[in-house]
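>>> Give me a model of this one.
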Amino acid sequence: MAWHAAGTYRTGDGRGGANSGQQRFAPLNSWPDNGNLDKARRLLWPVKQKYGQSISWADLFILAGNVAIESMGGPVFGFGAGRADVYEPEKDIYWGDEDKWVNEGVQTRIDEERGLTDLDGPLAAIQMGLIYVNPEGPGGNPDPLLSARDMKATFLRMAMDSEETVALTAGGHTFGKAHGNGDASLLGKAPAGGDLGALGFGWTSSAEHGGIGEHTVTSGIEGSWVNTPTTWSENYFRLLLDYDYELVHSPAGAQQWQPINQKPEDMAPAAWDANVKVPTMMTTADMALKMDPEFRAVSEKFRNDHEAFKDAFARAWFKLCHRDMGPKVRYLGPEVPAEDLIWQDPVPAGTKPSDVDVAALKAKIAASGLTVSQLVKTAWASASTYRKSDHRGGANGARIALAPQKDWDVNEPPMLAKVLDTLNGLRGSMSLADAIVLGGVVGLEMAGAKDVPFTGGRGDATQDQTDAESFDWLEPQADGFRNYLPKKLRVKTEEMLLDRASLLGLSVPEMTVLVGGLRVLGANHGERGHGHFTKRSGQLTNDFFVGLLDMTNAWKASDESQEEYVATDRSTGGESWRATRADLVFGSNSELRAVAEVYAENGHEEKFARDFVAAWTKVMNADRFDLV
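Below is the predicted model of the structure:
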């Protein structure tokens, strides 16, 4: 339960994971890979009922997993509380097409023979309805080497390297069992489709014996991985590497691997009768750790050094369960480890500058020759990396000055380097992170904004504190706020804008006012003129909305891609403006247009500026967890 609650995390967009207790809701509560976890969650209800708001469901899932490991003598690195529950499914997550599920033969997402060479978009699981990979092999094909390929692809997208992958797989299979000792066709519907009287229970067997105990069926795979399934031990690698295995079928028909000529002392106790001995088994995914050369080398290392295996598993489990919680400052409780881990994106504590220092630096920045566009672009580029999904990114740490962010094309590296060099020469003892945000404040005030808030206290991270490879996932493929689209994507440009706004935690009005303001301030990538509907460039005006909704203009796509549009005057036929899909959506979509009309109305100029400043400040402070 804990593993599958956390295991939905994916690095592509930071969504999934255990951070909000999503496993309680559809579709996750009814995924085939989460079979019978409805019973595990229900067993925790008396605990949740007793402690109420003292612990969230999301925290309880992970704490229960830790307690289970500890009760079996397994290693645990620590526990951080602080996850907040949601009370409905998060609707901005794309899990993939739901027309068919893994247990119904859905196409595997990596199939080189069909031209599918990598997982699509942000997805991490290999088939719909799975947390990771198909334990029987890709698409049910029991090929350990192909399974290793899938494992490396999917675990990489869950922020795990090969050593962590082996440690998690082996550690998780050092105890417990899989259930497939019966007829899988007798299982009832998943919780989301179950009978009303079942009160949320699913997968109820129609068999005469009830499908419990000896006859339990979940995944269809049957058996324990080791001969000591309720105790942490060194037996997993011993059994995996010392025995030869043959492919067999479980009573439910699933493909699995069984040791050849297994010794009686290496057999497992039957779950329903400890006096009965049954063969252990391995899935095709387990066999990948034996057959794939890279995985095999790690397996041999852990087999020969059990203490290293224990440490690797404990750390990988902690990472799995906490990867979507963001920086360690968000962790609560007495079991939070003291050690700072690089995947937590550590940032040294900052010092809040005095009002005198802030005023002095503002004056220096205003006199530096940096333009409104440059200051606004740099501050936005720094702060807008934030993702509310896993609380990564943001302005704190000034990682825009470090690899890889300083080299991202969307950030216009030559311009960025000039601004950062200037700010570094002016900021004195103030952190660069604060100076960048303060530069944005100066830019807005130069553009006519009033009362732009600034709260200092950010710190500066170092390159050694930055996992550059993991930050690659934060690089935007498109950014509608900056009208950045290096190539046409399969997903519509306006949908990419909505997704980025969602990750920033913005409401529809906040997204709308920010786009309108950024356009007239000259924040487009590469000084692109699209959407720049103003003759007063660099001033914070509502001209974007006025120009967009000007009915004297007729818009037409400039080419077959329908990514760029040209406006012509209905009377003269002359060209008025150019725009992208990320611009025109605010006039074509009825809900967005309703907001745009508010900002285009006469008398709402001050409201526009006020709302822009509020939304801007929200983004600048999105990762200031110390202010909450």
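>>> For Glu164, give its distance to Ala312.
Using CB to CB, to the nearest Å, we find Glu164 at a distance of 7 Å from Ala312. Any C-beta I mention is one placed from the backbone N, CA and C, and that applies to glycine too.
>>> what do you get for Asp569?
Going from Asp569 to Ala312 by CB to CB gives 67 Å.
>>> Which one's more surrounded, these two?
A direct count of neighbours by other CB atoms under 10 Å for Asp569 and Ala312 places Ala312 higher, at 22 against 13.
>>> Need the pLDDT of the more buried one.
pLDDT, Ala312: 98.
>>> so it sits in a helix?
Yes - checked against DSSP: H, G, I helix; E, B strand; the rest coil, Ala312 lies within a helix.
>>> Would you mind listing the residues in contact with it?
Counting by CB atoms under 8 Å, 6 or more residues apart in numbering, Ala312 touches 163-164, 167, 302.
>>> Just the buried ones out of the residues you listed, please.
For the contacts of Ala312, a burial check counting by 16 or more other CB atoms under 10 Å picks out 163-164, 167, 302.
>>> which among those gets closest to Gln562?
Gln562 has its nearest neighbour among those in Glu164, at 43.4 Å by CB to CB.
>>> neighbours around the closest residue to that closest one other than its chain neighbours, how many?
Of all residues not flanking Glu164 in the chain, Ala316 sits nearest, at 4.2 Å (CB to CB, 6 or more residues apart in numbering). Residues contacting Ala316 under the criterion other CB under 10 Å number 23.
>>> what's the distance between Ala316 and Asn589?
Computed as CB to CB, the Ala316 to Asn589 distance reads 44 Å.
>>> Check Tyr243 too.
Tyr243 sits 61 Å away from Asn589, going by CB to CB.
>>> More neighbours: which of the two?
The neighbour count for Tyr243 versus Asn589, taken as other CB under 10 Å, is higher for Tyr243 (19 against 15).
>>> Nearest spatial neighbour of the more buried one, chain-adjacent residues omitted?
Using CB to CB, 6+ apart, the nearest residue to Tyr243 is Pro259, at 4.0 Å.
>>> cool, Met496 as well?
That would be Ala478: by CB to CB, 6+ apart, it lies 4.3 Å from Met496.
>>> any idea of the pLDDT on the one you found?
On the pLDDT scale, Ala478 is placed at 97.
>>> surely it meets Glu494?
No - judged on CB atoms under 8 Å, Ala478 makes no contact with Glu494 at a distance of 9.9 Å.
>>> quick one, which of these two is more surrounded?
Using other CB under 10 Å as the criterion, Ala478 and Glu494 rank with Ala478 on top: 24 against 20.
>>> which ones are touching the residue nearest to Tyr243?
For Pro259, the contact set (CB under 8 Å, 6+ apart) comprises 239, 243-245, 266, 279-280.
>>> With secondary structure and distance to His306 added, can I get those residues in TSV?
Shown next, in TSV, are the contacts of Pro259 (DSSP: H, G, I helix; E, B strand; the rest coil; distance: CB to CB, whole Å):
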residue	secondary structure	distance to His306
Leu239	helix	14
Tyr243	coil	19
Asp244	coil	23
Tyr245	strand	22
Asp266	helix	18
Pro279	coil	24
Thr280	coil	19
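>>> Using JSON lines, please lay out those together with pLDDT and distance to Thr552.
Converted to JSON lines, the contacts of Pro259 look like this (pLDDT from 0 to 100; distance: CB to CB, whole Å):
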{"residue": "Leu239", "pLDDT": "98", "distance to Thr552": "78"}
{"residue": "Tyr243", "pLDDT": "98", "distance to Thr552": "80"}
{"residue": "Asp244", "pLDDT": "98", "distance to Thr552": "80"}
{"residue": "Tyr245", "pLDDT": "98", "distance to Thr552": "75"}
{"residue": "Asp266", "pLDDT": "98", "distance to Thr552": "83"}
{"residue": "Pro279", "pLDDT": "98", "distance to Thr552": "80"}
{"residue": "Thr280", "pLDDT": "98", "distance to Thr552": "77"}
